[in-house]
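**Student:** Let me see the structure of the following:
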Amino acid sequence: MNIPRPHKSNLYLLTCTLFMVFTMLLPSKLCAQNFVVTLDAVDDATLYESSQGNIANSKGQYIFIGKTNNGDLRRTLIRFNLSTEIPSDATIDSVFLYLSMNKTQNAAQDLKIYPVLGAWAEGTSDASSNEGKGTSATDGDPTWTYRVYPDTLWNNEGGDIGEEILFEGSIQGSGSYSLKGTDNFTTLFNQWRKGDMPNYGMMLIGNEDSQNRSSKRFASAQFSGSANRPSLTVYGTYNNSTNNEEETKLQKKTFSLAPNYPNPFNPSTNIAFTLAQAERLELTVYNQLGMPIQKLLQEYRNAGTYTIQFDAANLPSGLYFYQLKTSNGTLTRSMSLIK
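**Tutor:** Have a look, this model is predicted:
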């Protein structure tokens, strides 16, 4: 492990120490070159247990896991857009899966997520009402028996999955959940990014051993409120070869994110950014676990320089990240709240 040299400022040392505790993967250059990128779900669908395999829900507002009152199982397929925001040679330190649950039965239940082993497609089916019973499958839907309805079967009913656990946690009441990816997921994620493995996505499986009433409902990628949709937050490190001069010049031509001031701060600080062209943007603050703390902006703005004040009066001391996301990419910086 490389420790920062004594001539670095106290602030630099503090930031490095806090970030190293968070990532537990400790290259000394991390502080100057760390990034946080949020990836959106591009496909998701619920598999409804059915011997005929003709029930589906690809375009609904919700996704389901667990066992219903009648003892029928529900599982969810989900796949994320890996995009080009993360260079292929970047180092991935940790990944968090964000889910928003809005309906539940019974007490806390286990959620485990596994890799999917076969290609599937998101069809056009869209269940009505609470969507718990699904609707008639349309061509191209994944179902309990078909990975592409009505022509291509899964090898196993309920979908083909690997044995490796990618995420796991206990899910109880309604609200937001952030699950940290296992080492298995980090390995698979890197294989997906580099094209070494096809990205067939993941399978969410709830408690299927209970007698009944373990089902839980989450917001899907089509949910009306974008803040509640599933997402992956990726923390990583740019390698020296990643931020080359041409990429930096291009980024500066389109938008920039300045260091916050003051930093460290208590309780408020200013965040400035510049847009070279009019576009829609998001400015979000995250904690060390990758959970969004506050969305400062989500709107269309004209070209120009703007300054936004972030008030952390109700937050504990610690390291936080602020991320500017535009159509041209994502920029992230860290800031320290010291009370």
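
**Student:** Let me know the pLDDT of residue 303.
**Tutor:** Residue 303 carries a pLDDT value of 87.

**Student:** ok, it touching residue 281?
**Tutor:** No: with contacts counted by C-beta atoms under 8 Å, residue 303 stays clear of residue 281, the gap being 11.5 Å. Bear in mind the C-beta positions are built from the backbone N, C-alpha and C, glycine included.

**Student:** Counting neighbours, go ahead and name the busier of these two.
**Tutor:** Per other C-beta atoms under 10 Å, whichever of residue 303 and residue 281 has more neighbours is residue 281, with 18 against 11.

**Student:** And the more buried one, its phi and psi?
**Tutor:** As for residue 281, its main-chain torsions (degrees, to the nearest 10) stand at phi -140, psi 160.

**Student:** about what we covered before: shared neighbours, residue 303 and residue 281?
**Tutor:** residue 275 (C-beta atoms under 8 Å, 6 or more residues apart in numbering).

**Student:** so where's the stretch 101-250 of the chain uncertain?
**Tutor:** 106, 240-250 (pLDDT under 70).

**Student:** Contacts only, for residue 273.
**Tutor:** 255, 256, 257, 258, 281, 283, 305, 306, 308, 324.

**Student:** any idea how far the fourth one is from residue 334?
**Tutor:** Residue 258 is 13 Å from residue 334, where distance means C-beta to C-beta, to the nearest Å.

**Student:** again, but for the third one
**Tutor:** Distance, residue 257 to residue 334, by C-beta to C-beta: 11 Å.

**Student:** List phi and psi for residue 189.
**Tutor:** phi -60, psi -40.

**Student:** With the one 3 residues further on instead?
**Tutor:** When read as degrees, to the nearest 10, the backbone of residue 192 gives phi -60, psi -50.

**Student:** How about the spatially most central residue of the chain, nearest residue that isn't a chain neighbour?
**Tutor:** Centroid-nearest residue in the chain: residue 232, 1.3 Å away (criterion: C-alpha atoms, centre = their mean). Using C-beta to C-beta, 6 or more residues apart in numbering and skipping the chain neighbours, the partner closest in space to residue 232 is residue 39 (4.4 Å).
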